[in-house]
Each structure stands twice: as C-alpha cells, then as structure tokens.
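1. return a 3D structure for these sequence lines:
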Amino acid sequence: MNGWLVVSISLSLLQMAATAKVFASGDFTEINRSRSENPVSISGSNRYGTDRTYSSAGFIDLNNAFFKSFGTNGRTCVSCHVPTEGWAITPKGIKERFEKTAGMDPVFRLVDGANSPLADVSIVEKRRRAYSMLLNKANIRVGIGIPADAEFELVEADDPYGFASAAELSLFRRPMPTTNLKFISAVMWEGRETTLDPTSTDCIYGTTTCFSPIPFDLSTQANHATLGHAEALADLTQAERDEIVAFEMGLFTAQVKDNAAGSLTDDGARGGPRTLIEQAYYFGINDTLVGDYRTRQSFNPIVMSLYDTWNRFSSRSRDSREKARGAIARGQALFNNKPIKIRGVKGINDDLGVDVLTGTCTTCHNTPNSGNHSTPMPLDIGISDASRRTPDMPLYTLRNKTTGETVQTTDPGRALITGRWKDIGRFKGPVLRALASRPPYFHDGSAKDIAAAIDFYNSRFSIGLTDREKADLAAFLATL
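-> Presented below is the predicted three-dimensional model:
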C-alpha cells in the first residue's frame, strides 16, 4: 500500500461520465488515477474538510457490477451510494441532481424515491412535491407490511401522503453507506438482511444464536436491492453478486483533512482510511457485555485512540491549528469517558433487567476505531417515538393483540421483521467512520448535522454536556 503511485487529476462531470459510467453526480474534488484508468483513490469535500476512499484491492474498479444497471429504471448501486457523499446520499447532492435533470435522474423513481408510489410526477413542480422526502432528507421510502403472525396490529396509519396501510407501511430511511463494511455486524437498519446460520462461527457468546457471514448477507441484499430499487426483472447472477460484494467489502472511507486542524495524520495522528484498512476487527471484538470474544479480556471503554498524540495541544495555544487539534483530542476523550446514565433503552435496560446502566458513547459503539457495535444489537433509543414526529413523517398507531396496549411510532423498525412487540422502534447503529460526509443522521435523517445528533443524545440521556464539550465532541466526530 505504501508503494502506491498517486497521481491527482481533476475531472469534470462530463469526463467522469465517459470514464466512470454513472457516478450519479457529486463534487469529485480529486480522482487519483492508475491501473487501466481506474482510480487509486477518490476524494470528496464536505463542510468539515475532505474525505478519501481507498480499496484494499489497490484501486477502485469503475467497471465493477456496482456501477452497472441491471434493472428497468436506469438505476445502479451508485445512484443511492455516491462515492463523494460517504457512499450514501445527501440532500445537497440530491437537490443538485434534481435541478440538473428536472427530477428525471434515475434516483427519482416512484418505486421508492417518491413519498408515495402513486404520486403525480407529470411535471417538474409536481415531481418536486412528490420527491420532497428524498430532496429534504435524502430518505428513501421502504415499503414493509406487518407480518401476519405479529404480536401487534395496525390501528391507524396517519400518512401525509395517503398511501400506507397494514399491507405496506411507508418507512422513510437513509440509505446506509456501502463503505467500511468490514466493521458491520448486521445488514440494514433493522437487520432485515441479517440471517441465522447454525454452522457459522459468528455466534453470540455462550449461545447457539449464530449469524451468517456478512458477505453472504450482503450478497442477498445486493440482489434484493436490484430487484426492488432498480426494478430488475431477474436475479443477479452469483458472479455479479460476488463482484459487488467483493468491491464493497474492499472500500474504506475516512476524513483525511479537517478545515481547522489540517491533515489528520500529522503529529502522530492516525486518521484517514489507510490505517482503517489495517484496523483489527472480528465478530465480538471488545464486546460490551462479556468482553472480547477471542482474547477474553474485559470490555475496554477506551475505544477511540486516533488522536492520542494530540492530547498535548492546549485550548490556550496561539496557533489556531494546534487549538483545533486539542479540541479533537478532548472530543475523543469525551467519546471514550463521558459518563452516560442509560435509561429506558429497549435492547439494553430490559434485556439486562436494570433501570439504569452507567456507560459512555462506547457502550454502544464498542468496535475499536470504527464506532460500530461488534455484535448485532438493535436498540430503541427513541428516534421513532411519536414525540419526535414531524409533519412530513407518517405516524402509526399499533396495538398489542394480547394486552391491548397501544403505541405510536413513525417506524416500527425491527418489529416488522420479527413481529415482536418488544422490537418496536429498534434499529442498529451505523459505523461512524466518514460520518461528516453523509448528513443528515439517524435512520430517518431527523438530525440535520452532527451538532443536532449530539443535542439529541445530550437531551435524551441528560448527559449535561457544556457548550465547549459539545463543540469538542463535534470536532472529533467530524474527523472520523
């Protein structure tokens, strides 16, 4: 990797269309080209600085099936997983595509890009209204019905777009990034593509609950996405699935430059994607509950160590760059150490039988230097609660068939897969690397930026962060 030849060439969108097929849109600030015109890396800009993507293959294969259309509506994987938008999509990028194409880019399709598959998209202004959730929050509509054997039933669907029913709830969710997949332990927000496999070695410690290897589930997900999002008429071949999965698993994206702090590898720091490629990971690494699955060492809450060497920089420094680096180091320390009283979280408090658990950010983001959870752990932290409902979101009233209890939610989450009452509102957390590149945040895009996400946690768990602590934590998260 250290011997890679890196040659920087800036390309216009037209040039990219000729060499890189359909990279959606996006501001490609830098493409480093090598090996048969395939880039060694791709860089993109965001409000905090610059990110970069490398592949463990040594180059990024633009002829991969990931960039090819297999469906009937013109979409490819890259339609919703743009390299310079954290391999996801952002409102900024979506709005640019709408204006350039009058809402005719392949991402704008009734099947899931519109607020309702029955929306009128006959003229530009009607398309602007029909695709408002995609334009404003970069949310895709996911249609899932309530399982026939579910422990609950739908009492009322308050859908501002007049479509949702028990047969197909409309769920507005952010596309998950297709990079840094080495670190994931479950596929999709509610884990609907995560399958069980009794022959697997990826098992919850001390149980017989074993999960299929992630590449297997990603293969299934790629096929389902092609049949659904791209409206393909036939399954992907196994060779096409394997090609997409190998490509995705090889991608690593991280911030490389911060507007205030400069290079994130200076002065001994270990930001950027190159060290991420080499970062150790396996199922159950540093598990919060029982300790590391392989080493048997106890859970270590000091999960992030990228900026340890920047601890020496003071907030009183006259050098603005040193001050920024000091803020990042303090933010990392807060992420590792700031006590959080965890209350009322389904998947933690109920499963452990405790009213209050004292933890930190790393209780849930326990994977070293990636920020994921190293085993499947869908949680309900309240994101889809009725109290957070905004007028653009549907609201569903669900009733427990046995007890008669009712609950209102904008998205039942994991419960639509399992049918279990206790799983309502449960979602997995994403890998935190390249966070700055893909706002807004949470499964529904309800936090417009990093500061808003921090405010949610600070309020939800009464953490008591000061303004300086919020700023320091945001500075750190923006460098991931």
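2. below-threshold pLDDT in this structure: ranges please.
-> Along the chain, the model assigns pLDDT under 70 to residues 1-36.
3. do you have the helices of it handy? List them.
-> Using DSSP state H, the helices of the chain run over residues 13-19, 91-101, 124-130, 132-137, 214-228, 238-249, 273-278, 320-337, 349-352, 415-418, 450-460, 467-477.
4. quick one, what contacts residue 220?
-> Residue 220 sits next to 193, 195 when contact means Cβ atoms under 8 Å, 6 or more residues apart in numbering. The way it works is simple: take the backbone N, C-alpha and C, and place the C-beta from them, glycine included.
5. how close does it get to residue 67?
-> Separation of residue 220 from residue 67 (Cβ to Cβ, to the nearest Å) stands at 20 Å.
6. what's the answer for residue 106, then?
-> Applying Cβ to Cβ, the value for residue 106 to residue 67 is 13 Å.
7. repeat for residue 419
-> To residue 67, residue 419 is 37 Å away according to Cβ to Cβ.
8. so which of those two has more stuff around it?
-> Using other Cβ atoms under 10 Å as the criterion, residue 419 and residue 67 rank with residue 67 on top: 19 against 16.
9. distance of the nearest residue to residue 226 once chain neighbours are set aside from residue 224?
-> Spatial nearest neighbour of residue 226, excluding adjacent residues (Cβ to Cβ, 6 or more residues apart in numbering): residue 232 at 4.6 Å. Applying Cβ to Cβ, the value for residue 232 to residue 224 is 10 Å.
10. compare those two (neighbour count), which wins?
-> Using other Cβ under 10 Å as the criterion, residue 232 and residue 224 rank with residue 232 on top: 18 against 15.
11. tell me who's in contact with that one.
-> Residue 232 touches 70, 71, 72, 226, counting by Cβ under 8 Å, 6+ apart.
12. I'd like the distance between the closest residue to the third one other than its chain neighbours and residue 202.
-> Going back to what we said before, that points to residue 72. Of all residues not flanking residue 72 in the chain, residue 231 sits nearest, at 4.8 Å (Cβ to Cβ, 6+ apart). Separation of residue 231 from residue 202 (Cβ to Cβ): 33 Å.
13. same question, residue 379
-> Residue 379 sits at a distance of 19 Å from residue 202 (criterion: Cβ to Cβ).
14. which of these two has more residues huddled nearby?
-> Shown here are residue 379 and residue 202; by other Cβ under 10 Å, residue 379 has more neighbours (22 against 18).
15. run through the residues that contact residue 449.
-> Residue 449 neighbours (Cβ under 8 Å, 6+ apart): 47, 439, 440, 441.
16. which residues are in contact with the closest residue to residue 441 other than its chain neighbours?
-> Of all residues not flanking residue 441 in the chain, residue 447 sits nearest, at 4.1 Å (Cβ to Cβ, 6+ apart). Each residue near residue 447 by Cβ under 8 Å, 6+ apart is listed here: 439, 440, 441, 453, 455, 456.
17. which residue sits closest to the fifth one, ignoring its sequence neighbours?
-> Across the structure, with Cβ to Cβ, 6+ apart as the measure, the residue nearest residue 455 apart from its sequence neighbours is residue 470 (7.5 Å).
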